[in-house]
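# Requesting a structural model of the entry that follows:
(chains A and B)
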Protein chains: 2
Amino acid sequence: MSSNRAGRPRARGTQDPDRTPRQEILDAAAALFGESGFAATSTRAIADRVGVRQASLYYYFPGKDEILLELLEASVRPTLDLVGAIRTAAPTAAAALYALAVRDVGTLQAGPLGVATLYMAPEVRTAPAFASFREHRAQLQAIYAELASAAAPAGHPVGPDALGAACLHVVEMVTTLPPRPGLAVEIAHACLGLAGLTGPVAAEAATAGASLLTGLTPATTAV
Amino acid sequence: MSSNRAGRPRARGTQDPDRTPRQEILDAAAALFGESGFAATSTRAIADRVGVRQASLYYYFPGKDEILLELLEASVRPTLDLVGAIRTAAPTAAAALYALAVRDVGTLQAGPLGVATLYMAPEVRTAPAFASFREHRAQLQAIYAELASAAAPAGHPVGPDALGAACLHVVEMVTTLPPRPGLAVEIAHACLGLAGLTGPVAAEAATAGASLLTGLTPATTAV
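Coordinates of the predicted model:
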């Protein structure tokens, strides 16, 4: 999509040419929601940050609820979309857990830094506008609970509920850490550790999990 | 402290007699901050929720910044105050990590449910009023990083920074889970797993960690 189409004039011309106006709006909104909170951020402020007129913003989004919902959904949906393929390709629950965590980190890193801090906003936790996101995040947590408890050795002292919540929180913390190479691998190994898998057993799961990810078709792996 | 002293009249008389007015204000504020966000909550709304006059609230707190700061500090300071005693008493870094996680969960469970969701509020992450809390939480994270990396086996694929952040997030998630017996033990075992310790090695660290906690003097263990 061109950023110079008639009808959506730019107030400034300093934007990254590789990003669509829609993406620029999402990035600016994420930054402002993080800085000032969702309630205190107006669509006017978002438009000003992007350097477009407010009317141009409404061409892309009906309002700020829809902007936040798209940010939130973009942080969970691509991962959920891969769960079926990962389950099918994984030789073990441990390999599936590792692969899921790596891809989940990738999904979160593809979005704006700090997006997971928005999960705790009062509106996100309670408003009907964000119910679909809460449901999708709960689905992801349930999948972590299932895979981690299936992968855990007998007698592992951390139960499914705590495992699901712990894996989800450990993966989501990536949005609060400065990006660096290898972080996805560290976080995926942290999830294996939560499930009681370390040393050679964890190394084997990591090899199988990494291998199955490279085998997924490009269409399914795109984030 | 009596809740019926002259000069601090109650608008209603329905409060729990075991809680001080100060504690009732903190609990009501935590609930409102969680429901509506910090920015959208007034001291008037807090006073109304408690059932006291706004002037009575100001007898206890200069303003809502100080109320939030006390809630935040109460969620980290009691744990930090125990770190020296835990280090001194612990036979191994793994035992210290286990004991620290158990007590940290206890500190968080002693406060209002959901207090850790306030950590992500824009004001808490950036405003000078909450700098001391951010420093104390960072200290706690650094201690987790140090203990977990000292406890981890050679070649553990999760580095100190990720370990510190992961332990902190896994412990803090307790404020989002319904309380239940055994949760502190599960979460402390989750921290051992993050450090690559499972099975008999983790069981030994848990035994030593639990034992050292019972040996701490009551004055030090109070939360």
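# Please see if the host helix or strand of A:Phe133 touches chain B.
Counting by DSSP states H and E, the element that carries A:Phe133 is helix A:131-151. No - counting by Cβ under 8 Å from any Cβ of the partner chain, chain B has no neighbours in helix A:131-151; the shortest distance is 10.0 Å. For every residue, glycine as well, the C-beta is placed using N, CA and C.
# Using PDB, write out every CA atom in that helix.
The C-alpha trace of helix A:131-151 is given here as PDB (Å, rounded to 0.1, in the frame of the first residue of the first chain):
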ATOM      1  CA  ALA A 131     -12.700 -10.200  24.900                       C
ATOM      2  CA  SER A 132     -11.400 -12.000  21.800                       C
ATOM      3  CA  PHE A 133      -7.800 -11.200  22.800                       C
ATOM      4  CA  ARG A 134      -8.400 -12.400  26.300                       C
ATOM      5  CA  GLU A 135      -9.800 -15.600  24.900                       C
ATOM      6  CA  HIS A 136      -6.900 -16.100  22.500                       C
ATOM      7  CA  ARG A 137      -4.300 -15.500  25.200                       C
ATOM      8  CA  ALA A 138      -6.200 -18.000  27.500                       C
ATOM      9  CA  GLN A 139      -6.100 -20.500  24.700                       C
ATOM     10  CA  LEU A 140      -2.300 -20.000  24.300                       C
ATOM     11  CA  GLN A 141      -1.900 -20.400  28.100                       C
ATOM     12  CA  ALA A 142      -3.900 -23.700  28.000                       C
ATOM     13  CA  ILE A 143      -1.700 -25.000  25.200                       C
ATOM     14  CA  TYR A 144       1.400 -24.200  27.200                       C
ATOM     15  CA  ALA A 145      -0.100 -26.000  30.200                       C
ATOM     16  CA  GLU A 146      -1.000 -29.100  28.200                       C
ATOM     17  CA  LEU A 147       2.400 -29.300  26.400                       C
ATOM     18  CA  ALA A 148       4.500 -28.600  29.500                       C
ATOM     19  CA  SER A 149       2.700 -31.000  31.700                       C
ATOM     20  CA  ALA A 150       2.800 -33.700  29.000                       C
ATOM     21  CA  ALA A 151       6.500 -33.100  28.600                       C
END
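# residues of it that come out buried?
Buried residues in helix A:131-151, counting neighbours by 16 or more other Cβ atoms under 10 Å in any protein chain shown, are found at A:133-134, A:136-137, A:140-141, A:143-149, A:151.
# What helices and strands are in contact with that helix?
In terms of contacts (3 or more Cβ pairs under 8 Å, 6 or more residues apart in numbering or on different chains; DSSP states H and E), helix A:131-151 is packed against helix A:64-74, helix A:77-89, helix A:93-110, helix A:122-126, helix A:160-172, helix A:183-194.
# For it, which outside residues touch it?
A:69, A:72-73, A:76-77, A:79-80, A:83, A:92-94, A:96-97, A:100, A:104, A:119, A:124-125, A:156, A:159-161, A:163-165, A:167-168, A:191-192, A:194-195, A:197, A:205 (Cβ atoms under 8 Å, 6 or more residues apart in numbering or on different chains).
# just stretch A:63-76 next, same as before
The contact list for stretch A:63-76 (Cβ under 8 Å, 6+ apart) reads A:25-26, A:29-30, A:33, A:38, A:41-43, A:46, A:61, A:107-108, A:110-112, A:115-116, A:118-119, A:123-124, A:127, A:129-130, A:132-133, A:136-137, A:140, A:175.
# re earlier: any idea which of the helices and strands packed on helix A:131-151 has the lowest pLDDT on average?
Of all the helices and strands packed on helix A:131-151, mean pLDDT reaches its minimum on helix A:122-126 (a mean of 93).
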